[in-house]
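Q: Model the structure of this input:
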Amino acid sequence: MNKRHIISKRVRHIPPSGIRKFFDIIASMDGVISLGVGEPDFVTPWHIREAGIYSLEKGYTSYTSNYGILELRQEIARYLKARYNLDYDPEREVLVTVGVSEGVDLALRAILDPEDEVIIPAPTYVSYTACTTLSGGVSVPVPTTMDSGFQVRAEEIEERVGPRTKAILIGYPNNPTGAVVDRKELTRIADVARRHNLIVISDEVYERLVYGVEHTCFATLPDVRENTILLGGFSKAFAMTGWRLGYAVASADIIEAMMKIHQYTMMCASTMAQMAAIKALKEGDPHVQEMVTSYDQRRRVMVKGLNDIGLTCFEPKGAFYAFPSIRSTGLSSDEFAERLLLEERVAVIPGAAFGECGEGHVRCCYATSMAEIEEALQRIGNFVKRHRSR
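A: Now for the predicted structure:
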C-alpha cells in the first residue's frame, strides 16, 4: 500500500499549528520565559474550582444533554441578556461546546458545503483557516496592517464577496494582534452581511478583556441576530483554559445543526466543567475585573518596552497579546522566534503562523508575571541589539 494516500489530502495540506510547535520545544528546555501560548497565568478562582470538585463528590459523573446542562444554558442566556440585552432561548438556541475551538469547528461544518467560501480577516487565529479547510470550505483572507491598527474594513470584506461566499468569520478582540473593531465599523460589516445574505461567525472569547474601550457584541447590531453565530467561552476571562468549555448561541435551526455534529463527535462537554462554569457565571465577575486590571498593567509595560527596544508595536486594546514588528532585525518571523528561543530562552510565536500578512511580526503574550515580562524584555533587547539590520 502507498502510505502517502492513507492520509486525506485535506489533512496533508494543513500545516501543523505554529503555536503548538513552539509549545513542544519550550517543554523540552530549561529557563525559558514563555510569551508564546495564550493562556492566563492565573489559576481558576477557588470558588469555581470548588464547584467542580463538589460536583465530583456528589457523583455528577454521567453524560449531560447534548446541548449541555440546562442550568448552565440558562445562566449563559441570563449573562447575555444582562450584559448585551440579547434574548436567547436556553433550550433551543444555546449549545455548550468543548471550548470555543469546537464551536468554530461546529459552526463551519454546520453551514458549509464543498467549496463554499469563508471571508476571514488576517492575521487570524490559527484554527480558523484549518477548520474551514477541514469543513470542505475555502478561506478567503482579508489582510490587515499595523498602519490601520489591524482593523478590517467593511469595504475590504465586500470586495471579496463572490458567488460561493457563505460566511464571514471574525474574532474581536483579535488573536494575535489585540485589535478591537469599533461599533461603527462592525455595523458596516453587518450591512455587508445582510446585503449578501451571509452568515457571520463571531468569536468573542476575549470579550471581557478590553482596555479603555467598550466591546461590541456583534449580535447586538441591527437586524443581524438571525444570521449570527455568536461564540463565547470561559477559558480567557475566568482562567479556565484546561476545563475546555465554551458555548454557541444562534437561531434554533443553526444550533440544531451544530448539535447534530456535536452529538456524534463529542457527545457533551465535561459535566464537572459545566458545573464549575455555572458558578463562574453566577459569582465570578469580581475575579474577572481583578485579572483585567492586572493584564492592563502588563500590557502597558509590554508595549512600552517593545517600542523602547525598537520593535515598533501598536497599542492593543483587547485580549492579552502584543504584535510588534520585527522588520528592523532583517529576520523572518520564524528565524526571529527560533533564534530568540535558542539564544535568549524567550518564546514568542512567529507572525507567519497567523497568515501571510503576519510575516514581519511576532506575537508576545503578556499573560505572565510582571517580573517575567520585564526579564523577557531585557533578553529581547539584547537579542535585537545583536541582530538589528545595518
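Q: Quick one, grab the pLDDT at Asp223.
A: pLDDT for Asp223: 94.
Q: and it, what is it in contact with?
A: Shown in contact with Asp223 (CB atoms under 8 Å, 6 or more residues apart in numbering): 190, 194. In short, each C-beta sits where N, CA and C put it, glycine included.
Q: repeat that with 10 Å
A: 190-191, 193-194 (CB atoms under 10 Å, 6 or more residues apart in numbering).
Q: for it, helix, strand, or coil?
A: coil (DSSP: H, G, I helix; E, B strand; the rest coil).
Q: secondary structure element for Thr312?
A: In this structure, Thr312 sits in neither a helix nor a strand according to DSSP states H and E.
Q: To what extent is the residue nearest to it when sequence neighbours are not counted buried, counted in neighbours?
A: In this structure, Thr312 finds its nearest non-sequential neighbour in Ser325, 4.6 Å apart by CB to CB, 6 or more residues apart in numbering. Residues lying near Ser325 (other CB atoms under 10 Å) number 18.
Q: again with the one 4 residues further on
A: Taking other CB under 10 Å as the neighbour definition, Thr329 ends up with a count of 21.
Q: which residue is nearest the middle of this protein?
A: Asn175 (5.3 Å; CA atoms, centre = their mean).
Q: can I assume that one is in contact with Phe150?
A: No: counting by CB atoms under 10 Å, Asn175 does not reach Phe150; the two are 11.1 Å apart.
Q: chain center to the helix or strand hosting Arg73, what's the gap?
A: Using DSSP H and E, Arg73 sits within helix 70-84. Computed by CA atoms, centre = their mean, to the nearest Å, the separation of helix 70-84 from the middle of its chain amounts to 21 Å.
Q: CA atoms only: put that helix into PDB for me.
A: The C-alpha coordinates for helix 70-84 follow below in PDB (Å, rounded to 0.1, in the frame of the first residue of the first chain):
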ATOM      1  CA  LEU A  70     -29.900  23.300  31.200                       C
ATOM      2  CA  GLU A  71     -29.000  25.400  34.200                       C
ATOM      3  CA  LEU A  72     -25.700  26.400  32.500                       C
ATOM      4  CA  ARG A  73     -27.600  27.200  29.300                       C
ATOM      5  CA  GLN A  74     -30.000  29.300  31.400                       C
ATOM      6  CA  GLU A  75     -27.100  31.100  33.000                       C
ATOM      7  CA  ILE A  76     -25.500  31.800  29.600                       C
ATOM      8  CA  ALA A  77     -28.700  33.200  28.400                       C
ATOM      9  CA  ARG A  78     -29.000  35.400  31.500                       C
ATOM     10  CA  TYR A  79     -25.500  36.600  31.100                       C
ATOM     11  CA  LEU A  80     -26.100  37.700  27.500                       C
ATOM     12  CA  LYS A  81     -29.300  39.400  28.500                       C
ATOM     13  CA  ALA A  82     -27.700  41.300  31.400                       C
ATOM     14  CA  ARG A  83     -24.600  42.300  29.500                       C
ATOM     15  CA  TYR A  84     -25.800  42.900  26.000                       C
END
